[in-house]
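**Q** starting from these lines, generate the structure:
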Amino acid sequence: MGRKSKRFREIADLYEIEKPYSVQEAIDILKRCPPVKFDQSVEVSLMTGVDPRKSDQHIRGTVSLPNGTGKTMVIVVITSGDKLQEATDAGADYVGNVELIEKIKSGWTNFDALVVTPDMMREVGKLGKILGPRGLMPTPKAGTVTTDITKAVSELKGGKIEFKIDKHAGIHVGVGKLSFSAEQLLENVTTYLEAIMRAKPASAKGLYIKSVVLSSTMGPGVNIDLRELESA
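**A** Below is the predicted model of the structure:
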């Protein structure tokens, strides 16, 4: 308990909980926190002012982070015919059709993204109760229901992420690893925030973004100055 409280005190000395910081300052705070034994993920958590119960106010999109996520993406492709070889050549980790559908049906979700060709979507659609809650359901809008398997796999491997609003009007995504340089993290966060601003629903009224918090796995959540969004 002593060690934990010492680390907690050291982190608390680095910043003021209520104070908003620039993205650059927030990254600096996270990097100055006492280290842990693994490479921590860096996450952006947004609270929006939209009503997620209204379909015309849903926020959803994709963005390619310029420096990737730092995470090795495990990608499953469900397809048929010639596309099976294309998916293998593209670097997908698991490729198949009926057998993979059965495997997912039995509860297997040990992967990060699922890419499906339209001809298989009818069967994959039946897996909604398993895939949906885990954010793994492929959609044309996210580029994961497509005939261009090579493009989909290479973009996902290269740092393309999907963001979407949850039922509490929040959006939470990983934007890299703490081992990234400050410049790489700044580029990734800025690119992501720009995408969020572009995704603002036309019907959204009032304050679009209520809060932005940058955090690391074992570090604090640092409030971002919302004026940063105006320049995004």
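**Q** quick one: secondary structure of the residue positioned nearest the centre of the chain?
**A** Nearest residue to the geometric centre of the chain (C-alpha atoms, centre = their mean): residue 173, 3.5 Å. Look at residue 173: counting by DSSP: H, G, I helix; E, B strand; the rest coil, its state is strand.
**Q** which one is it nearest to, not counting chain neighbours?
**A** Taking C-beta to C-beta, 6 or more residues apart in numbering as the measure, residue 173 lies nearest to residue 163, with 5.1 Å between them; neighbours along the chain are not counted. Quick note: C-beta positions are derived from backbone N, CA and C, even for glycine.
**Q** in contact with that neighbour, which residues?
**A** Shown in contact with residue 163 (C-beta atoms under 8 Å, 6 or more residues apart in numbering): 59-63, 171, 173, 192, 195-196, 199.
**Q** just the buried ones among those, please.
**A** Burial by neighbour count, 16 or more other C-beta atoms under 10 Å: within the contacts of residue 163 this picks out 59, 62-63, 171, 173, 192, 195-196, 199.
**Q** and those residues, which is closest to residue 104?
**A** When these are compared for distance to residue 104 (C-beta to C-beta), residue 62 wins out at 22.0 Å.
**Q** one step back: the helix or strand hosting the residue nearest to residue 173 pairs with which strands, parallel or anti?
**A** Element membership for residue 163 (DSSP states H and E) is strand 160-164. The sheet places strand 160-164 alongside strand 60-64 (antiparallel), with pairing taken from DSSP bridges.
**Q** for the partner strand, list the C-alpha coordinates in PDB.
**A** Listed in PDB are the C-alpha atoms of strand 60-64, where the atom choice follows Å, rounded to 0.1, in the frame of the first residue of the first chain:
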ATOM      1  CA  ARG A  60     -19.200   7.300 -35.900                       C
ATOM      2  CA  GLY A  61     -16.200   7.300 -38.200                       C
ATOM      3  CA  THR A  62     -12.700   6.100 -38.800                       C
ATOM      4  CA  VAL A  63      -9.300   7.800 -38.800                       C
ATOM      5  CA  SER A  64      -5.800   6.700 -39.700                       C
END
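**Q** mean confidence score for that strand?
**A** Here the mean pLDDT over strand 60-64 is 90, rounded to a whole number.
**Q** cool, and stretch 222-232?
**A** So the average pLDDT for stretch 222-232 ends up being 83.
**Q** would you mark the buried spots in stretch 17-25?
**A** Using 16+ other C-beta under 10 Å as the burial criterion, the residues of stretch 17-25 that qualify are 20-21, 23, 25.
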